[in-house]
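[1] Okay, predicted coordinates and the sequence, questions at the end:
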2 protein chains.
Amino acid sequence: MAGDPGGPPPSRGASRDRPASVSIRDVARAAGVSYQTVSRVINDSPSVKASTRQLVLDAIAGLGFRPNRAARALAGGPVQAVTVLTSNTRLYGPAAALEGIEEATRAAGFALGVRVVESGTPADVKDAVERAVDPAGALIVIAYDRAGLATLNAVPPDVPMAGIVETPPDPAQAPRTWVWIDDRTAAMDATNYLLSLGHQTVHYVSIPTWMETSPRAAGWRAALERAGVRVPKPVEGGWEPRSGYRAGLQLARDPDVTAVLCGNDELAIGVMRAMAEAGRAVPEDVSIVGFDDTPQAAFYTPPLTTVRQDFNALGRLCFAKLISLLGQGRQDQEPPWPQAELVVRQSAGPPPERRRRYPPRRP
Amino acid sequence: MAGDPGGPPPSRGASRDRPASVSIRDVARAAGVSYQTVSRVINDSPSVKASTRQLVLDAIAGLGFRPNRAARALAGGPVQAVTVLTSNTRLYGPAAALEGIEEATRAAGFALGVRVVESGTPADVKDAVERAVDPAGALIVIAYDRAGLATLNAVPPDVPMAGIVETPPDPAQAPRTWVWIDDRTAAMDATNYLLSLGHQTVHYVSIPTWMETSPRAAGWRAALERAGVRVPKPVEGGWEPRSGYRAGLQLARDPDVTAVLCGNDELAIGVMRAMAEAGRAVPEDVSIVGFDDTPQAAFYTPPLTTVRQDFNALGRLCFAKLISLLGQGRQDQEPPWPQAELVVRQSAGPPPERRRRYPPRRP
DNA sequence: CTGAAAGCGCTTACAG
DNA sequence: CTGAAAGCGCTTACAG
């Protein structure tokens, strides 16, 4: 019995005619109840008799009913959609965070939207926020750069939102929900590690300069100061390998440079390439340490010593916090905060002058 | 005049009370027209007097009105949302395609949803499709693996959809809209390039084995056969560096291996690492060529010779095709198909026995 | 060119 | 525990 054998086929042309989907009224009819009862069942209302619920559930399964998201949203149902606002979806940090958010939203039955903020200009930010704000949805803003931060500040206070940030903004000015990875200690560890290898000091290639006050830069600086060692001027990097390459070319010209900490792994690979072209061997002549531990880092030649940051876990945490904010989850169900951690591999070793006394780590 | 000074503040608690947003009725009142006229203006109906339109536009700007997506969708407005179904968001291919789709949807004013298909099992595929299919939205499926392909086949025929595929399925069986990059010729070029360097044959590390019939594998095989050269058994790789590393370890054991074509750049970096550990220099002892040209590829040491594929452009093209399918765009406005192209860098050179006659490309 | 009507599929109070 | 009512913000015919 596949319906009326006459009549036109259920055409779905180029435009407005939508396939007639099954509604709660259809389910109600099939189950012999009112459609309000169907609504209660699909919303897990406790006030439905078990036998009635089963009747409805059977009808839902039999008819292949799926609630219409638009209708639920319009009628004022609970928030079940999140839009991620980010200036980039492909760099490791935002991409991994997005992946974690996707996993968490999927598990929670939330829809996931994505919108890229083209730039930090007021017009772009305003446009992105206006388009992403939906009375039926919540927001996650990934704010690792200027555009992201501007976006964060442009979200109206009444919109439920959680932010993924490099370092928490002044809580007094904006009582919002944030998550971040505190990599200050790990940056100190990385710097101390290089110092312990015998380097006179450690140079730093930064992610975009306005972030010089980031925990990782702060940790680097603190470690040098604590060691009573010269603090070189940070070299301006960026996010991509090309920026690292340029910075590396500059650093390679200075024979005093024997150890470089990079703001991320993309930068590190660019620096390594520049060193190779300058005839400076890694780690024999100069040691390189990265930040993030991308999936490729362990397979660089030499394998990259770096600071692991679990952005996927950070994304999942962020969504959990948003759920709590929405009143749909409990704080004690939130996953633990991810910790940054130094991963020692082979791109760092003793400086050249100490190699005479200590044999290199690998032949 | 900021509204009623008494009354409770516009609280937005944890649950259902939404901020009272401005509706077309508010706009209508402000403009002194009926709300249907407002609807016509926001839908670019030609049958509105210019002066009336301006009145409405002014009111919209003044009130900061934004149409409610859920309501538009529910009332049967045009499709203005796309959901991308993919088994992965972080590998280079899907991530770059997603980036291109995002750019295109943003330009077109479409909302973008993302849903990951956990696996190719019928249950996962069914769940993903059911959740993503929305009467008010269209679908893009990224089908570079089993899970993606299974998803493609599970989408009901009446749902508007376009697919990003490795190679087009039999058009007779499914008259759908597909886009792909034909990399067969580029794979032949890459193989011929290695052969021209003097290698006896070229080994191949595959992306997951069921894709052995992919254009890139076919191009590799065809080039070898055309050259009348031995066709070695492909080594099973995967998508990630680790798989390439394993394959590389195996290949490194065979002294006859002097040239390796890899199914993607992630694989290539793994192979290069394995060669380094085995004491086989690249490109002096063994030449490596990748596929994709990821942003890092140019900065590997040595810089990777690879086949460039513009997945971002492919994503934009896919959305353009979807728009045409929806009757909202014209075919002659679609961007050109991206072409795969061999990018020669430094990871490939003559085989060892020829180095005596030809000097290496770099000292 | 513009207005009044009906309805999209749901949810939340409100009654029983 | 379950049903009848009202309405979310829009759009599409249908009238003028």
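    That came through fine.

[2] what's the burial count for the residue nearest to residue A:293 when sequence neighbours are not counted?
    Of all residues not flanking residue A:293 in the chain, residue A:308 sits nearest, at 3.8 Å (C-beta to C-beta, 6 or more residues apart in numbering or on different chains). (C-beta placed from N, C-alpha, C; glycine too.) Close neighbours of residue A:308, defined as other C-beta atoms under 10 Å in any protein chain shown, add up to 19.

[3] for chain B, what are the nearby residues on the stretch 201-350 of chain A?
    Within the stretch 201-350 of chain A, the positions near chain B by C-beta under 8 Å from any C-beta of the partner chain are A:240-242, A:244-245, A:266, A:269-270, A:272-273, A:276, A:295-296, A:298-301, A:303, A:325-327.

[4] Now the buried members of the residues you listed.
    Buried members of those, counted by 16 or more other C-beta atoms under 10 Å in any protein chain shown: A:240-242, A:244-245, A:266, A:269-270, A:272-273, A:276, A:295-296, A:298-301, A:303, A:325-326.

[5] what about the closest residue to residue A:179 other than its chain neighbours, helix or strand, and which?
    For residue A:179, ignoring the flanking residues on the chain, the nearest one in space by C-beta to C-beta, 6+ apart is residue A:318 at 4.6 Å. Using DSSP states H and E, residue A:318 sits within helix A:311-325.

[6] Just the residues of the stretch 201-350 of chain A next to chain B: which are in helices?
    Mapping these onto helices (DSSP state H) picks out A:241, A:242, A:244, A:245, A:266, A:269, A:270, A:272, A:273, A:276, A:325.

[7] Of all pairs in those residues, which one is the farthest apart?
    Greatest spacing in those, by C-beta to C-beta: A:276 and A:325 (48.1 Å).

[8] one step back: and the helix holding residue A:318, how far from the chain's centre?
    Relative to its chain's centre, helix A:311-325 lies at 10 Å (C-alpha atoms, centre = their mean, to the nearest Å).

[9] what do you get for stretch A:42-61?
    The answer for stretch A:42-61 is 38 Å, by C-alpha atoms, centre = their mean.

[10] in that stretch, what counts as buried?
    Within stretch A:42-61, the residues that count as buried by 16+ other C-beta under 10 Å are A:42, A:48, A:52, A:53, A:55, A:56, A:59, A:60.

[11] Just the ones of the residues you listed in helices?
    A:42, A:52, A:53, A:55, A:56, A:59, A:60.

[12] for residue A:64, what are its contacts?
    For residue A:64, the contact set (C-beta atoms under 8 Å, 6 or more residues apart in numbering or on different chains) comprises residue A:22.

[13] Local confidence estimate at it?
    As predicted, residue A:64 sits at a pLDDT of 86.

[14] could you check the distance from it over to residue B:264?
    From residue A:64 across to residue B:264, the span is 38 Å (C-beta to C-beta, to the nearest Å).

[15] circling back to that earlier point, can you pull the phi/psi pair for the residue nearest to residue A:293?
    phi -70, psi 130 (degrees, to the nearest 10).

[16] Which pLDDT value goes with it?
    For residue A:308, the pLDDT comes out at 97.

[17] Quick one: residues contacting it.
    Shown here is residue A:308, whose contacts under the criterion C-beta under 8 Å, 6+ apart are A:292, A:293, A:340, A:341, A:342, A:343.

[18] close enough to count as contact, residue A:166 and residue A:142?
    No - taking contacts as C-beta atoms under 8 Å, residue A:166 lies outside contact range of residue A:142: 10.3 Å.

[19] So the two - more neighbours on which side?
    Neighbour count, other C-beta under 10 Å: between residue A:166 and residue A:142, residue A:142 has more, with 28 against 20.

[20] just checking, residue A:311 touches residue A:93?
    Yes - if you go by C-beta under 8 Å, residue A:311 and residue A:93 touch, sitting 5.2 Å apart.

[21] who touches both of these two?
    residue A:292.

[22] Quick check: residues of chain A near DNA strand D?
    Neighbours of DNA strand D within chain A, by C-beta under 7 Å from any atom of the strand: A:16, A:33-34, A:36-37, A:40, A:46-49, A:51-53, A:71, A:74-76.

[23] Please repeat the previous calculation with a cut-off of 10 Å.
    By C-beta under 10 Å from any atom of the strand, the residues of chain A that approach DNA strand D are A:15-17, A:28, A:31-41, A:45-53, A:55-56, A:70-77, A:135-136.

[24] Break chain A down into its domains, please.
    For chain A, automatic domain parsing gives the domain ranges A:24-65, A:81-180+A:311-339, A:184-304+A:345-355.

[25] Now find how far off-centre the last one is within its chain.
    Averaged C-alpha coordinates place domain A:184-304+A:345-355 at 23 Å from its chain's average position (C-alpha atoms, centre = their mean).

[26] Spell out, range by range, the strands that occur in the stretch 101-250 of chain A.
    Counting by DSSP state E, counting those that start in this stretch, the segments of the stretch 101-250 of chain A that form strands are A:111-116, A:138-143, A:161-165, A:177-179, A:203-206, A:235-236.

[27] Would you convert these into JSON lines that also reports mean pLDDT and distance to residue B:283?
    JSON lines is the format used below for the strands of the stretch 101-250 of chain A (pLDDT from 0 to 100; distance: least, C-beta to C-beta, whole Å):
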{"stretch": "strand A:111-116", "mean pLDDT": "96", "distance to residue B:283": "38"}
{"stretch": "strand A:138-143", "mean pLDDT": "96", "distance to residue B:283": "39"}
{"stretch": "strand A:161-165", "mean pLDDT": "95", "distance to residue B:283": "41"}
{"stretch": "strand A:177-179", "mean pLDDT": "94", "distance to residue B:283": "45"}
{"stretch": "strand A:203-206", "mean pLDDT": "96", "distance to residue B:283": "28"}
{"stretch": "strand A:235-236", "mean pLDDT": "93", "distance to residue B:283": "31"}
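
[28] mind checking which of those is nearest residue B:176?
    strand A:111-116 (24.1 Å).

[29] got the angle for the closest one vs helix A:311-325?
    120 degrees (axes from the mean of the first three to the mean of the last three C-alpha atoms, to 10 degrees).

[30] Tell me who's in contact with residue A:100.
    Counting by C-beta under 8 Å, 6+ apart, residue A:100 has contacts A:311, A:312, A:313, A:314, A:315, A:316, A:317, A:318, A:319.

[31] meant to ask about residue A:255
    Residues in contact with residue A:255 (C-beta under 8 Å, 6+ apart): none are found.

[32] now do residue A:130
    Here residue A:130 is in contact with residue B:66 (criterion: C-beta under 8 Å, 6+ apart).

[33] any idea how far it lies from DNA strand D?
    13 Å (C-beta to the nearest atom of the strand, to the nearest Å).

[34] Nearest to residue A:159 among the ones in helices among the residues of the stretch 201-350 of chain A next to chain B?
    For these, the nearest to residue A:159 is residue A:325 (10.9 Å; C-beta to C-beta).

[35] mind listing what the residue in the stretch 151-300 of chain A that DNA strand C sits nearest to touches?
    Residue of the stretch 151-300 of chain A nearest DNA strand C, by C-beta to the nearest atom of the strand: residue A:160 (15.7 Å). Residue A:160 sits next to A:79, A:138, A:139, A:322, A:325, A:326, B:12 when contact means C-beta under 8 Å, 6+ apart.

[36] what's the closest of the residues you listed to DNA strand C?
    residue A:79 (10.6 Å).

[37] isn't the closest one right next to residue A:138, touching?
    Yes - if you go by C-beta under 8 Å, residue A:79 and residue A:138 touch, sitting 5.4 Å apart.

[38] which residues do these two both contact?
    Both residue A:79 and residue A:138 are in contact with A:160, A:326, where contact means C-beta under 8 Å, 6+ apart.

[39] Let's see the pLDDT reported for residue A:14.
    Listed pLDDT for residue A:14 reads 30.

[40] angle of the longest helix along chain A against strand A:111-116?
    Taking DSSP H as the criterion, chain A has its longest helix at helix A:92-108. Here the directions of helix A:92-108 and strand A:111-116 differ by 160 degrees (the same axes, to 10 degrees).

[41] In CSV, list the C-alpha atoms belonging to helix A:92-108.
    What follows is helix A:92-108, C-alpha atoms only, in CSV (Å, rounded to 0.1, in the frame of the first residue of the first chain):
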residue,chain,number,x,y,z
TYR,A,92,44.6,23.7,13.5
GLY,A,93,43.2,25.4,16.6
PRO,A,94,39.8,26.5,15.3
ALA,A,95,39.4,23.4,13.2
ALA,A,96,40.1,21.1,16.1
ALA,A,97,37.8,23.1,18.4
LEU,A,98,35.1,23.0,15.7
GLU,A,99,35.5,19.2,15.5
GLY,A,100,35.1,18.9,19.3
ILE,A,101,32.0,21.2,19.2
GLU,A,102,30.5,19.1,16.4
GLU,A,103,31.0,15.9,18.4
ALA,A,104,29.4,17.4,21.5
THR,A,105,26.4,18.9,19.6
ARG,A,106,25.8,15.7,17.8
ALA,A,107,25.7,13.8,21.1
ALA,A,108,23.3,16.3,22.5
